[in-house]
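**Q** Got a sequence here, can you model it:
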Amino acid sequence: MNTISLGMIQEAAAYIRTKTEKLPEIGLILGSGLGVLADLIEDGISIPYQDIPHFPVSTVEGHEGELLLGTIQGRPVVMMKGRFHMYEGYGPEVTAFPVRVMKELGVKSLLVTNAAGGVNTSFAAGDLMIITDHLNLTGRNPLAGPNDNALGVRFPDMTEAYSKRLRSLAKEVAEGQGLQLREGVYAGLLGPNYETPAEIVMLRTMGAAAVGMSTVSEVIVARHAGLEVLGFSCITNMAAGILDQPLSHSEVMETAEQVRGQFLKLVLGVIPHM
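**A** Numbers count the residues shown, from 1 in each chain. So this is what the prediction gives:
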């Protein structure tokens with residue numbers, strides 16, 4: 001049952017407005033090890049998640065648990081430094097609650113990033129991928145339960161979950177920077193275990209290029225709310241069975257650190273045009 005109400009969204013947004021006069025236009029949600037994007041924020045203020053009414057708290061290493069507001073390249077932004085996952089015990093509507101709050105604050109477009117395993121065998125650790133579409137394989141949906149028409153329609157269209165306009169923009173920026181971007185479908189699973197080699201074969205057969213444990217609920221809610229979405233996956237490791245070696249969260253964090261410079265430069269180039 002959906003436990004998120006319009007009143008809860010408004011209370012959280014009202015509290016955030018007491019901390020800043022700058023209302024954001026762009027929302028950013030950062031994945032494991034990608035909190036380095038917070039370095040880009042100018043004139044930023046930080047609000048711990050535990051201070052915001054109805055916000056859950058992130059419990060995962062690499063997810064620091066604070067909301068940042070400020071500007072990047074002159075554009076007012078709100079940034080989640082650390083996200084929430086269903087494998088932490090939260091319902092999908094709770095993991096996506098911050099997206100509802102961003103919309104209430106005035107956000108029009110959303111940039112989501114994640115650390116993902118490479119399913120496409122032509123990928124390599126350290127690649128950056130534009131998400132073209134996703135497979136929601138979590139078995140959960142943040143829109144299940146009663147629908148509040150004030151938040152969005154009962155049956156939202158997902159034909160263009162990830163904006164064609166923003167994907168084209170990202171490719172243009174990357175080309176200008178001499179950066180090779182991969183493209184592909186992101187498969188979102190519940191976690192928290194990494195996938196088995198057999199599951200990776202299944203995902204590849206289904207058309208997935210990368211796999212992770214986040215993002216899909218946030219994007220479903222963003223589209224329900226009418227936000228334009230751009231998504232990037234940082235391929236931090238090759239998925240199970242491809243290199244015949246075990247997977248670890250430390251490897252994910254190390255690879256995210258290695259691509260830091262490229263990633264920051266790409267986002268700096270994209271944000272002014274979102």
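**Q** how distant is the one helix or strand Thr205 maps to from the center of its chain?
**A** Using DSSP states H and E, Thr205 sits in helix 197-206. Distance of helix 197-206 from the chain centroid (Cα atoms, centre = their mean, to the nearest Å) equals 23 Å.
**Q** Please apply the same query to stretch 217-228.
**A** For stretch 217-228, the distance to the chain centre is 11 Å (Cα atoms, centre = their mean).
**Q** mind listing what's buried in that stretch?
**A** Of all the residues in stretch 217-228, those buried under the rule 16 or more other Cβ atoms under 10 Å are 217-225, 227-228. C-betas here are computed from N, CA, C, even on glycine.
**Q** Farthest-apart pair in these, please.
**A** Ser217 and Glu228 (17.5 Å; Cβ to Cβ).
**Q** Just put the buried residues of stretch 217-228 in CSV and tack on distance to Thr121 and pLDDT.
**A** Output for the buried residues of stretch 217-228, formatted as CSV (distance: Cβ to Cβ, whole Å; pLDDT from 0 to 100):
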residue, distance to Thr121, pLDDT
Ser217, 28, 97
Glu218, 28, 97
Val219, 25, 98
Ile220, 28, 98
Val221, 32, 98
Ala222, 30, 98
Arg223, 30, 98
His224, 34, 98
Ala225, 36, 98
Leu227, 33, 98
Glu228, 32, 98
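**Q** taking these one by one, which sit in strands?
**A** With DSSP state E as the criterion, strands contain Glu228 from among the buried residues of stretch 217-228.
**Q** With respect to Arg204, which of the buried residues of stretch 217-228 is nearest?
**A** Val219 (21.4 Å).
**Q** Wait, the closest one touches Ala161, no?
**A** Yes. Counting by Cβ atoms under 8 Å, Val219 touches Ala161, with 5.6 Å between them.
**Q** okay, and the common contacts of these two?
**A** 134, 229 (Cβ atoms under 8 Å, 6 or more residues apart in numbering).
**Q** element containing the residue nearest the centre of the chain?
**A** What sits nearest the mean C-alpha location of the chain, by Cα atoms, centre = their mean, is Val112, with 3.0 Å. Per DSSP H and E, Val112 falls inside strand 109-118.
**Q** and that strand, what does it pack onto?
**A** strand 26-29, strand 208-212, helix 216-224, strand 228-238, helix 249-258, helix 260-270 (3 or more Cβ pairs under 8 Å, 6 or more residues apart in numbering; DSSP states H and E).
**Q** Make a markdown table from the ones you listed and add distance to Gly7 to it.
**A** Listed next are the helices and strands packed on strand 109-118 as a markdown table, based on distance: least, Cβ to Cβ, whole Å:
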| stretch | distance to Gly7 |
| --- | --- |
| strand 26-29 | 21 |
| strand 208-212 | 32 |
| helix 216-224 | 17 |
| strand 228-238 | 26 |
| helix 249-258 | 37 |
| helix 260-270 | 34 |
